[in-house]
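In: Quick one, what's the 3D model for this:
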Amino acid sequence: MLLEIVFEHADWLVVVKPAGLNFHSEDGEAGFVALLEKQLDMKLWPVHRLDKLTSGLLLVAKSKQSCSVLSQLFADRQIEKFYLAVCPSSMKKKQGLVKGDMAQGRRGGFKLLKTQDSPAVTQFFSASLKPGLRLCLLKPHTGKTHQLRVAMKSMAAPIVGDTLYSGEIANRLYLHSYVLKFTYNEEEYSFTQLPDAKELFDIESLIEKEHWRAPWLLAWPSLSRN
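Out: Numbers count the residues shown, from 1 in each chain. Next comes the predicted model:
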C-alpha cells in the first residue's frame, strides 16, 4: 500500500490515512506508521492519531523534537481540525454545539454525559446531501477518543457506517479528517483533503455550494457565547 503524502516539511509530513487501516501495527499486520516508515525508509514519530475506520489527514513528525513541538500545539489547541461526516437527517439540530463529559460505555464505546468537568467540545454545521442524509462539517475543540462519533450519536444521528454507535450499516465509516491548519516556526500552514469521491462521499459540488473549502473562515459562533 502506497500512502499519499500531501506535504513534506523538513520536520514533519502531512499524510492521508485510508479508511480501514489500523494506526499502529496489530496482530502481525503493519499499521499506518509502520507502512509509512517502510515507504520512506526513516524513523517517524506520530503526533496524533485517527481511528482505524476514519480516513484523512494526519501529521507525522520526523524527529522527537518536532514531535514535541507539534504535540504541544495540539495540547494548547493551536491546531485547527475539521472533519466531514455523513449522518441521517434525523439529527436533533442542523448546526450548533455538542459539549459534555465522556465516559466508558458498552461494547468498548463511550457515552456523552450532562456533566461539564472536562468536557468534549464539538461545533458543527450541516447541509442536505440527499433525501434522509446530511453532510456535517465538524470542528472539534478537544481531542477525546471517539469524540465526534459520540457527539453525532448524542444528536440522534450516528455517523453512517458507525455500527458501534448504532449507525446504519455501510461500506465504510463516513468520517474523514478534512483540514489541518496551524502555525509552525512562525509560518502558517493549511491543508485540505477531500475524501475519495465514492458512494456517499461524492460531495465536491456540495462543498463548493456551502463554501466549505476554507472552513476556518466560516462564521463559527464564539464558544464564550455558548
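
In: From here on, just use CA atoms for contacts and neighbour counts.
Out: Fine.

In: quick one: contacts for Glu208?
Out: Under the criterion of CA atoms under 8 Å, 6 or more residues apart in numbering, Glu208 has no neighbours.

In: Check for me that it belongs to a helix.
Out: Yes: counting by DSSP: H, G, I helix; E, B strand; the rest coil, one finds Glu208 located in a helix.

In: Tell me how far it lies from Gly132.
Out: According to CA to CA, to the nearest Å, Glu208 and Gly132 sit 21 Å apart.

In: wait, what's in contact with the residue positioned nearest the centre of the chain?
Out: Note on the chain: the residue nearest the mean C-alpha position is Ser177, at 3.7 Å, using CA atoms, centre = their mean. Applying CA under 8 Å, 6+ apart, we find Ser177 in contact with 54-58, 81-84, 193.

In: Gly143 and Tyr189, how far apart?
Out: Between Gly143 and Tyr189 the computed distance is 20 Å (CA to CA).

In: more neighbours, those two?
Out: The residue with more neighbours, out of Gly143 and Tyr189, is Gly143; 17 against 11, by other CA atoms under 10 Å.

In: Then the more buried one would be within a helix, right?
Out: No: if the criterion is three-state DSSP, then Gly143 is coil and not within a helix.

In: Just the pLDDT at it, thanks.
Out: Here, the pLDDT recorded for Gly143 equals 93.

In: for Arg225, same thing?
Out: As predicted, Arg225 sits at a pLDDT of 56.

In: got the domain boundaries for this structure?
Out: 1-76, 81-179+194-213 (automatic domain parsing).

In: hey, which helix is longest across this protein?
Out: helix 64-75 (DSSP state H).

In: can you give me the strands in this structure?
Out: 4-8, 12-17, 45-46, 55-61, 80-88, 96-100, 102-104, 110-112, 120-130, 133-140, 175-184, 187-192 (DSSP state E).

In: residues making contact with the second one?
Out: Identification of contacts with strand 12-17 by CA under 8 Å, 6+ apart yields 3-8, 32, 54-63, 66.

In: can you do 6 Å?
Out: The contact list for strand 12-17 (CA atoms under 6 Å, 6 or more residues apart in numbering) reads 4-7, 55-62.
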